[in-house]
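> when you get a sec, could you give me coordinates for this:
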Amino acid sequence: MQEHWKIVYTQLLTSGRLNSYLAEIDQQAQERMGVLVEQMKQAQGIPEQLKAENAMEWVGRRNHIRACAREIVNAEIIYK
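Here you go, the predicted model:
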């Protein structure tokens, strides 16, 4: 934000609203991340029993979902 949106950053900083703005963005990103992960998990059909049967595959699939969701959140909320 400091590099790409210098004017907005300076205005938020000098008005004392920077921390609340960043907290709001963080909350939005976390909520969206949670929704996306659940939707992707259901769409890909990753059952919880897979965790007990093949933990490594379960972790790999979950990590892939989280990485995809993080990219979407970054594009939609963080870097918009």
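> so residue 2 sits against residue 9, correct?
Yes - if you go by CB atoms under 8 Å, residue 2 and residue 9 touch, sitting 5.3 Å apart. Heads up, the C-betas are built off the backbone N, CA and C, glycines and all.
> which residue of these two possesses the greater neighbour count?
When neighbours are counted by other CB atoms under 10 Å, residue 2 and residue 9 differ, and residue 9 comes out ahead with 15 against 8.
> now do the same contact list for that one.
1, 2, 18 (CB atoms under 8 Å, 6 or more residues apart in numbering).
> in helices only, show me the residues you listed.
Judged by DSSP state H, helices contain the following of the contacts of residue 9: residue 18.
> need the helices for this structure, in chain order.
Using DSSP H, the helices of the chain run over 6-15, 18-44, 49-53, 55-73.
> can you spell out which helices and strands pack onto the longest one?
Of the remaining helices and strands, those touching helix 18-44 by 3 or more CB pairs under 8 Å, 6 or more residues apart in numbering; DSSP states H and E are helix 6-15, helix 55-73.
> pLDDT on stretch 22-33, on average?
For stretch 22-33, the mean per-residue pLDDT is 96.
> and that stretch, what's buried?
Buried positions in stretch 22-33, judged by neighbour count with 16 or more other CB atoms under 10 Å: 29, 33.
> many thanks, we can stop here.
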